[in-house]
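In: this one's sequence-less:
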């Protein structure tokens with residue numbers, strides 16, 4: 001059965017009335033809180049530090065303290081530091097938002113003005129001592145990391161780094177999304193652009209490749225055709241060599257034929273010249289007069 005707004009309000013009121021005893025006990029049990037108590041003094045204010053009459057707010061905070069005096073001409077000025085704050089706020093529906101605010105000075109403070117630890121939780125969780133102790137540890141780690149005389153342990157530094165990365169922060173009065181959500185958003189954009197494109201190209205490449213059996217068959221067919229072509233080339237080469245030999249022999253026969261023809265021609269010309277000479281001689285002897293006997 002869903003809880004009503006009035007039930008949530010009653011649970012917050014119960015926490016409101018017991019908050020002071022709870023956080024004073026946490027302070028007394030925490031050895032690291034001793035130095036801050038001495039310098040700043042812890043205040044637990046149901047109703048807020050501004051009058052204490054707001055029944056929707058519980059504030060737990062370290063006070064302020066002067067840490068240095070500077071002179072300005074003939075006058076002097078005291079520099080002060082304010083401590084960290086743990087703030088519980090109930091909304092109209094009875095849900096609770098929990099935030100921490102850093103310690104700081106006029107000249108030194110973190111970039112964020114607050115970190116949202118829990119967003120609109122059911123106030124029944126404020127009945128858990130373990131849950132509240134975890135919030136106290138966040139509060140103390142933030143004080144150690146942001147105060148001038150803080151000396152945070154590695155665990156406390158990691159705790160605040162985690163909060164700054166995975167929790168919402170307020171910067172310049174603007175409530176920002178978590179750095180983790182920004183990172184995952186950028187990662188999703190990358191996957192949907194470069195990464196997804198690469199995956200698609202790879203998948204298409206794999207799908208476009210034939211299976212192993214088809215590849216082997218195609219490769220075997222290509223090899224057989226190459227062998228046939230190679231044999232034809234060898235045959236053509238051999239034929240070409242035979243043709244070359246025949247061509248050489250034909251050229252030799254042709255040269256001999258030409259030589260014979262030239263010899264025959266010379267003989268014919270010589271024979272013709274001899275017949276001509278003989279004919280002339282015969283003609284000359286026939287024209288001489290005969291002598292009477």
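Out: Good, I have the coordinates. This structure is a prediction, so every number in the text was calculated from the model and none was measured.

In: what are the ranges of the helices in the stretch 1-150 of the chain?
Out: Applying DSSP state H, counting those that start in this stretch to the stretch 1-150 of the chain gives helices spanning 5-29, 33-39, 129-146.

In: ok, which of these comes nearest residue 90?
Out: helix 5-29 (4.8 Å; Cβ to Cβ). Every residue, glycine included, has its C-beta placed from N, CA and C.

In: what angle do that closest one and helix 129-146 make?
Out: Angle of helix 5-29 versus helix 129-146, following axes from the mean of the first three to the mean of the last three Cα atoms, to 10 degrees, is 60 degrees.

In: who does helix 5-29 touch, helix- and strand-wise?
Out: Where contact means 3 or more Cβ pairs under 8 Å, 6 or more residues apart in numbering; DSSP states H and E, helix 5-29 is packed against helix 33-39, strand 42-46, strand 57-62, strand 85-90, helix 129-146.

In: report the rounded mean pLDDT for the first one.
Out: Read it as helix 33-39. Throughout helix 33-39, pLDDT has a mean value of 96.

In: most packed of the helices of the stretch 1-150 of the chain?
Out: Stretch with highest mean neighbour count among these: helix 129-146 (a mean of 20; mean count of other Cβ atoms under 10 Å).

In: which is the next helix or strand following that one?
Out: Using DSSP states H and E, the helix or strand that follows helix 129-146 towards the C-terminus is helix 154-166.

In: quick check: buried residues in that following helix?
Out: For helix 154-166, the neighbour count (16 or more other Cβ atoms under 10 Å) marks 156, 159, 160, 163, 164 as buried.

In: nearest to residue 274, of these?
Out: Using Cβ to Cβ, the buried residues of helix 154-166 come closest to residue 274 at residue 164, 132.7 Å.

In: residue 117 versus the closest one, what's the distance?
Out: 12 Å (Cβ to Cβ, to the nearest Å).

In: same question for residue 134.
Out: 9 Å.

In: what's the answer for residue 7, then?
Out: 23 Å.

In: any idea what the residue lying closest to residue 97 once chain neighbours are set aside is bridged to?
Out: In space, and not counting its chain neighbours, residue 97 is closest to residue 89: 5.0 Å by Cβ to Cβ, 6 or more residues apart in numbering. For residue 89, the beta-bridge partners are residue 57, residue 97 (DSSP bridges).

In: what residues are up against residue 89?
Out: By Cβ atoms under 8 Å, 6 or more residues apart in numbering, the contact set of residue 89 is 56, 57, 96, 97, 98, 99.

In: show the model's pLDDT score for the third one.
Out: The pLDDT attached to residue 96 in the predicted structure is 98.

In: can you check the last one too?
Out: Per-residue pLDDT puts residue 99 at 98.

In: that one contacts residue 116, correct?
Out: Yes - taking Cβ atoms under 8 Å as the definition, residue 99 is a contact partner of residue 116 at 5.2 Å.

In: how close does the residue nearest to residue 97 sit to residue 58?
Out: Separation of residue 89 from residue 58 (Cβ to Cβ): 8 Å.

In: how about low-confidence regions in the stretch 101-250 of the chain?
Out: Applying pLDDT under 70 to the stretch 101-250 of the chain flags the ranges 182-183, 185-250.
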